[in-house]
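Q: need a 3D model of the sequence below.
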Amino acid sequence: METNKPRFWFPAKKYGWGWGPPNCWQGWAAMVIWLALLIAGAFFLMPNVALFIAYTIFMAALLSLVCYLKGEPPRWHWGKD
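A: You can find the predicted model right below:
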C-alpha cells in the first residue's frame with residue numbers, strides 16, 4: 001500500500017521550531033555518520049581549539065542543512081497538530 005505522502009527523515013518537533021530524532025534508517029545513518037565525523041574532528045583537531053570550534057560550527061551547519069533538505073518543513077509547533 002503505497003501513499004503519495006513524502007517520507008521525511010527528520011520529523012518536526014512537537015513543541016518549538018526544528019526537527020526531532022530521525023524516524024527512518026536513512027536519518028539514523030546520517031546522524032551516525034555526522035557523529036563519527038565530529039568525533040574524528042575532535043581527535044585530529046583538538047590540539048588547535050580554534051580550528052576545532054570552526055569545524056564544529058561547520059558540522060552543525062551541515063547537519064542543519066541535511067535536516068532542512070530531508071526533514072519536514074520547519075515551522076513553529078505548539079503541541080497541537
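Q: where does the residue nearest in space to the middle of the chain land on pLDDT?
A: Residue closest to the average C-alpha location in the chain (CA atoms, centre = their mean): residue 63, at 4.2 Å. Residue 63 carries a pLDDT value of 95.
Q: tell me if I am right that it is in a helix.
A: Yes - with DSSP: H, G, I helix; E, B strand; the rest coil as the criterion, residue 63 is part of a helix.
Q: that one touches residue 35, doesn't it?
A: No - judged on CB atoms under 8 Å, residue 63 makes no contact with residue 35 at a distance of 9.5 Å. To be clear about C-beta, it is placed using only N, CA and C from the backbone, and glycine gets the same treatment.
Q: in this protein, which spans are strands?
A: Along the chain, counting by DSSP state E, strands occupy 15-16, 77-78.
Q: can you redo the ones you listed as JSON lines with mean neighbour count and distance to residue 27?
A: Below are the strands of the chain laid out as JSON lines (neighbours: other CB atoms under 10 Å; distance: least, CB to CB, whole Å):
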{"stretch": "strand 15-16", "mean neighbour count": "12", "distance to residue 27": "19"}
{"stretch": "strand 77-78", "mean neighbour count": "12", "distance to residue 27": "18"}
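Q: right, I'll leave it there.
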